[in-house]
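>>> Attaching a predicted model along with its sequence, questions to come.
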Amino acid sequence: GGESAAAAALAAEEEEEEEEERVNVVAERQQQQHDNEVFELRARVAEEKATALRLDLEKAQTEAAFRLAEAVESTAAKYEDELAALRSTTEVQEEFLTEAR
């Protein structure tokens, strides 16, 4: 009777170890799944930040381009005014020279 009791105790112990192993495997799997979900969330947040930064950059580039265009336009206008002034001065001089002849 003692041998069968010892065998039963051994079998129960093995059963318990197997159950513990199964629980550990399940726990590891759940932990892995959780880690994956956290990783995916972080990746999504990083992607959204990158998209937002790209949009900020495009906006800044557009604004810079507009400012540059305005500066070029005002410089061009200034030179056109100078050119017009020079032309009228030249015309006045030509008229004066023509009258002097």
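Sure thing, it's come through.
>>> Next one: residue 38 from residue 44, what distance?
11 Å (C-beta to C-beta, to the nearest Å). Yep, even glycine has a C-beta here, placed from its N, CA and C like the rest.
>>> before we move on, what about residue 67?
35 Å.
>>> ok, now residue 96?
Taking C-beta to C-beta, one finds residue 96 at 78 Å from residue 44.
>>> secondary structure element for the residue most central in space within the chain?
For the chain, the residue nearest the mean C-alpha position is residue 50 (1.5 Å; C-alpha atoms, centre = their mean). Assessed by DSSP states H and E, residue 50 sits inside helix 2-100.
>>> pLDDT of that helix, averaged?
Here helix 2-100 scores 94 as its mean pLDDT.
>>> so how far is that helix from its chain's centroid?
0 Å (C-alpha atoms, centre = their mean, to the nearest Å).
>>> same check, this time on stretch 91-101
The mean C-alpha position of stretch 91-101 is separated from the chain mean by 66 Å, C-alpha atoms, centre = their mean.
>>> name the helices or strands packed onto the helix holding residue 50?
Counting contacts by 3 or more C-beta pairs under 8 Å, 6 or more residues apart in numbering; DSSP states H and E, helix 2-100 packs against no other helix or strand.
>>> Distance of residue 23 relative to residue 74?
Residue 23 sits 76 Å away from residue 74, going by C-beta to C-beta.
>>> now swap in residue 32 and tell me
Taking C-beta to C-beta, one finds residue 32 at 63 Å from residue 74.
>>> shared neighbours of residue 38 and residue 44, which are they?
Between them, residue 38 and residue 44 share no contacting residue under C-beta atoms under 8 Å, 6 or more residues apart in numbering.
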